[in-house]
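Participant: Just a sequence and a predicted model for now, questions to come.
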Amino acid sequence: MRVLHIITGLGVGGAEEQLRLLLRHLPAHSVRGEVVTLTSPGSVAEGIRADGTPVAHLGMAGNRDLAALPRLVRLVRSGDYDLVHTHLYRACVYGRIAARLAGVRTVVATEHSLGERALEGRPLTPGVRALYLATERLGTTTVAVSATVEQRLRRWGVPAARLCTVPNGIDAARFRFDPAARAAVRNGLGLAPDAFVVAGVGRLVAGKRFDALVDAVAALPGAHLLLAGDGPELAALRARAAALGAGDRLRLLGECAGGPGAGQTPRGTGPDVPGVLAAADVFAAPSPEESFGLAAVEALAAGLPVLYAACPAIEDLPPGQAPGAHRFAASPDGPAEALRGALARHAADTSRAPGPARLPVPPVVHRYDIARCAERLALVYRTALGTSPDGGTAPARTPGAASPALPSLSPDRPLTTR
């Protein structure tokens, strides 16, 4: 099948990196993918092209650039695609409309970033919700990245029969702890081998509450904070750390690639996310609201203790899947109390055995293996198209029709149809 992925932009970000990872692992013998980005063909676009998948840039000027819609319709129509898969709010709105106008009957959309009060950082106004729901009806299936997101969509009024969950996936091997990367990153950042280092990963926006993490680290003498990410709060976070007398203990690393490498970005300008995690002693995620929480799973894959305020990737699972992860209260004192406890445990560990303490990789990491998640997404495609797993065909579904039930993603049994 030929699949066109439409995404709002391809700068460094969770949904963008997830698309690249899925494209690498979708079965090449049955799924041929291409990508169009409405805006910002950044470093992730370069990576997708390097992986061998074509990427087109639509050149959209903004949310209300209606002139981009005819261009998108022509692009979809010219590709003779079997299925269109949209990612992120703007791409879902324009992509569903364009697919319908271009005559593509099967449209899958992934909802990556839906919170209770915000959608991709924008406030959930009645207008945003109404436009989302109106265009959702033009599609075939809406994929949620977690059970939490699926429940939110149901409360919005999206019929349960049109919803399914395909969680974000992780290539755990990329995040496996590497002592050499730890030494190289710490040396490059001027961090002592025995310094206590906290890591945070994410877009630097107000909703992620990295300001609370800066406050918490500033209150721990000798502790250091590595923040991997960029965004509008960068200058404010730097100023906040300086005002608290901890400017020399905060390192704002900017955009850090999540791709392969031995602690360095592909361009060699600084540490990548696996390198940041290797250099750290604990990972902290202070955001009070998440759609999935992939960075926390990546940190668990690196053997780090994880402290979080919200993480559906962990909270939606039965107990015992992530023994190294601990939730803290989303309160002003929550991050500081959690880090004080982590520092005490770290000191006890290093007193017993010199060197960085690393935890066993927990079951939650294996559950979200990218190959299994890509297999599930391929099943969503086949179901939406009316194609059976053995390659036969079933009656085609029309946009807006109910989605047949999909199997649950169990870590201890293969994916099968019901």
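Facilitator: Structure received. Numbers count the residues shown, from 1 in each chain.
Participant: other SSEs contacting the host helix or strand of residue 183?
Facilitator: When elements are assigned from DSSP states H and E, residue 183 belongs to helix 179-189. Applying 3 or more C-beta pairs under 8 Å, 6 or more residues apart in numbering; DSSP states H and E, we find helix 179-189 packed against helix 273-279. Quick note: C-beta positions are derived from backbone N, CA and C, even for glycine.
Participant: tell me which residues of the helix holding residue 183 are tucked away?
Facilitator: For helix 179-189, a neighbour-count test (16 or more other C-beta atoms under 10 Å) marks 181, 182, 184, 185, 186, 189 as buried.
Participant: Then stretch 348-367?
Facilitator: For stretch 348-367, by 16+ other C-beta under 10 Å, it's 349, 356, 357, 358, 361, 362, 363, 364, 365, 367.
Participant: does the last one really touch residue 316, like I thought?
Facilitator: Right, the one you point to is residue 367. No: between residue 367 and residue 316 there is no contact under C-beta atoms under 8 Å: 10.5 Å.
Participant: Count residues in the vicinity of residue 347, would you?
Facilitator: 10 (other C-beta atoms under 10 Å).
Participant: dump the residue contacts of residue 31.
Facilitator: 1, 3, 378, 381 (C-beta atoms under 8 Å, 6 or more residues apart in numbering).
Participant: Which positions in the strand or helix carrying residue 130 come out as buried?
Facilitator: If you go by DSSP H and E, residue 130 is part of helix 126-136. Within helix 126-136, the residues that qualify as buried are 128, 132, 135, 136, counting by 16+ other C-beta under 10 Å.
Participant: The last one against residue 96, yeah?
Facilitator: Right, the one you point to is residue 136. Yes: using C-beta under 8 Å, residue 136 makes contact with residue 96 at a distance of 7.4 Å.
Participant: any chance of the buried residues of helix 126-136 in a markdown table, plus distance to residue 33 and pLDDT?
Facilitator: Below are these laid out as a markdown table (distance: C-beta to C-beta, whole Å; pLDDT from 0 to 100):
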| residue | distance to residue 33 | pLDDT |
| --- | --- | --- |
| 128 | 29 | 89 |
| 132 | 25 | 91 |
| 135 | 22 | 95 |
| 136 | 22 | 95 |
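Participant: Okay, residue 270 and residue 234: tell me how far apart.
Facilitator: 14 Å (C-beta to C-beta, to the nearest Å).
Participant: okay, now the nearest residue to residue 293 once chain neighbours are set aside: neighbour count?
Facilitator: By the measure of C-beta to C-beta, 6 or more residues apart in numbering, the closest residue to residue 293 outside its immediate chain neighbours is residue 311, 3.5 Å from it. If you count neighbours by other C-beta under 10 Å, residue 311 ends up with 24.
Participant: Residue 311 touches residue 290, doesn't it?
Facilitator: Yes: between residue 311 and residue 290 there is a contact under C-beta under 8 Å: 5.9 Å.
Participant: for stretch 156-171, how far is the first residue from the last?
Facilitator: 32 Å (C-alpha to C-alpha, to the nearest Å).
Participant: Could you check that stretch and say which residues are buried?
Facilitator: Quick answer for stretch 156-171 (16+ other C-beta under 10 Å): 158, 162, 163, 164, 165, 166, 167, 168, 169, 170, 171.
Participant: same check, this time on stretch 335-343
Facilitator: 335, 336, 338, 339, 342, 343.
Participant: what stretches of the stretch 151-300 of the chain score poorly on pLDDT?
Facilitator: Within the stretch 151-300 of the chain, the ranges that satisfy pLDDT under 70 run 257-269.
Participant: what about the strands in it?
Facilitator: For the stretch 151-300 of the chain, applying DSSP state E, counting those that start in this stretch gives strands covering 163-165, 196-201, 223-228, 250-252, 282-285.
Participant: average pLDDT for the longest helix anywhere in the chain?
Facilitator: Scanning the chain for the longest helix, with DSSP state H as the assignment, gives helix 334-352. Per-residue pLDDT over helix 334-352 has a mean of 85.
Participant: And for stretch 24-40?
Facilitator: 93.
Participant: So for residue 84, which of the strands of the stretch 151-300 of the chain sits nearest?
Facilitator: strand 163-165 (16.8 Å; C-beta to C-beta).
Participant: contact partners of the closest one?
Facilitator: Counting by C-beta under 8 Å, 6+ apart, 141-147, 149-150, 153-154, 380, 403, 406, 409 sit against strand 163-165.
Participant: Would you list the strands that that strand pairs with, along with their directions?
Facilitator: strand 141-144 (parallel) (DSSP bridges).
Participant: Could you list the buried residues of the partner strand?
Facilitator: Result for strand 141-144 [16+ other C-beta under 10 Å]: buried residues 141, 142, 143, 144.
Participant: Quick one: these as a markdown table, columns for distance to residue 75 too.
Facilitator: What follows is the buried residues of strand 141-144, written out as a markdown table (distance: C-beta to C-beta, whole Å):
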| residue | distance to residue 75 |
| --- | --- |
| 141 | 22 |
| 142 | 22 |
| 143 | 22 |
| 144 | 27 |
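Participant: residues in contact with the nearest residue to residue 47 once chain neighbours are set aside?
Facilitator: Nearest non-adjacent residue to residue 47, counting by C-beta to C-beta, 6+ apart: residue 20, 5.6 Å away. Residue 20 sits next to 44, 47, 48, 51 when contact means C-beta under 8 Å, 6+ apart.
Participant: do residue 219 as well
Facilitator: Going by C-beta under 8 Å, 6+ apart, the list of residues near residue 219 reads residue 336.
Participant: just checking, residue 99 touches residue 108?
Facilitator: No: in this structure residue 99 lies outside contact range of residue 108 using C-beta under 8 Å: 10.0 Å.
Participant: Counting neighbours around each, name which of these two comes out higher.
Facilitator: Remark: of residue 99 and residue 108, residue 99 carries more neighbours, 30 against 26, as counted by other C-beta under 10 Å.
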